[in-house]
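Student: Here's a sequence, model it:
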Amino acid sequence: MKKLVFIVLTALFLTSCGKDDVESSGLVGKWKSENSDGYPKFSFAANKTFEWSVNDQMSSKGTYSISGSHLYLKHGNRYKFIFKVDENILSFSRSDAEFGQDFSSSYYLVRE
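Tutor: As a prediction, the model looks like this:
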């Protein structure tokens, strides 16, 4: 019985920590480049999904997670970024060795 209580409490703790990370990160919302010459727009939802589009034509969806200063985007493959939200500016840059062509190396976006 003690094992069951421990497992349930651990699961609840881990679930709540993930939600708190997302909510306290400031990431949730819509973001765009200050110059609109083909740069993507991102939208991050509280349910850990995201969408990105380029020129409002090409669009794709995925899921994300946060661990400390790392942002993980899963869109087919999993991509790892270092990110920072400073008031209304979101910056994130690639921090892994394996990288596909879906995302550029660095972004500096403003809140829509």
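Student: C-alpha only now, for contacts and for neighbours.
Tutor: Noted.
Student: which residues of the chain fall in helices?
Tutor: Here the chain has its helices, by DSSP state H, at 2-25.
Student: And M58, how far from P40?
Tutor: 9 Å (CA to CA, to the nearest Å).
Student: Neighbour count: the two, which is higher?
Tutor: Each of M58 and P40 has its neighbours counted (other CA atoms under 10 Å); P40 has more, 21 against 9.
Student: which residues touch the more buried one?
Tutor: 32-33, 52-55 (CA atoms under 8 Å, 6 or more residues apart in numbering).
Student: Export those residues as JSON lines, with columns for distance to I82, neighbour count and pLDDT.
Tutor: Below are these laid out as JSON lines (distance: CA to CA, whole Å; neighbours: other CA atoms under 10 Å; pLDDT from 0 to 100):
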{"residue": "K32", "distance to I82": "18", "neighbour count": "22", "pLDDT": "89"}
{"residue": "S33", "distance to I82": "18", "neighbour count": "19", "pLDDT": "84"}
{"residue": "W52", "distance to I82": "18", "neighbour count": "19", "pLDDT": "86"}
{"residue": "S53", "distance to I82": "20", "neighbour count": "17", "pLDDT": "85"}
{"residue": "V54", "distance to I82": "21", "neighbour count": "16", "pLDDT": "79"}
{"residue": "N55", "distance to I82": "25", "neighbour count": "12", "pLDDT": "75"}
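Student: Show me which of the residues you listed is closest to Y64.
Tutor: W52 (12.0 Å; CA to CA).
Student: L90 versus the closest one, what's the distance?
Tutor: W52 is 14 Å from L90, by CA to CA.
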